[in-house]
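> following is a predicted model, sequence given first.
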Amino acid sequence: MIWARTPSAGRAASCPDNAVDMTGDRRLPTSDHIRCSFAEADHGMLSVRGTVLPADGGVLASGLPGMRVALVRVDGAGRQLGELTHATSDAQGHFAMQTRASAGQYRLVVGAGGSPPLVLDGRGPWSLAELRVLVPMGDSRAGPPRNRVR
């Protein structure tokens, strides 16, 4: 086995300079000697997956392709404070995005439509899957063709 001899560049402050034996017995060599855990690198990561659907489409509605979905931070009153990232829905209306975030309230926005507030607690990582973002198709600010990304 080959062990690293120098601290890794960009390591977290909690990462030890020297290898740590997880057994606590220096006489018994194991493969559990570790230098650093990069588990802290995931803190603050947010992964979001979902589908954009027409608000009046019923239970079996088809997803809306080519829609711009923005992840925005909102305050307690629901006012938008700024966009973190965005994605475009695929041919079936599915979207996925990943970004750094902090605890607080967020919302997925598509034109005039969107999700209820999404509340993130703690340090993360957070994973939000199978979200449905409903778009009111009668609203001139949403839906095809104005909100589609070309």
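Perfect, I can see it now.
> mind checking which helix or strand of this structure has the lowest mean pLDDT?
Using mean pLDDT, DSSP states H and E, the weakest-scoring helix or strand in the chain turns out to be strand 113-114, at a mean of 80.
> any idea which helix or strand comes after it?
Downstream of strand 113-114, the next assigned helix or strand under DSSP states H and E is strand 118-120.
> direction included, what does that next one pair up with?
Sheet pairing for strand 118-120, assigned by DSSP bridges, gives strand 104-110 (antiparallel).
> do I have it right that Pro65 meets Gly93?
Yes - using Cβ atoms under 8 Å, Pro65 is in contact with Gly93, at 6.0 Å. C-beta: built from backbone N, CA, C; applies to glycine.
> what about Val69, how many neighbours?
With neighbours defined by other Cβ atoms under 10 Å, the count for Val69 comes to 30.
> could you say what helices and strands the strand or helix carrying it packs with?
Here Val69 is covered by strand 68-74, with elements defined by DSSP H and E. Contacting strand 68-74 under the criterion 3 or more Cβ pairs under 8 Å, 6 or more residues apart in numbering; DSSP states H and E are the following elements: strand 45-54, strand 80-88, strand 94-100, strand 104-110.
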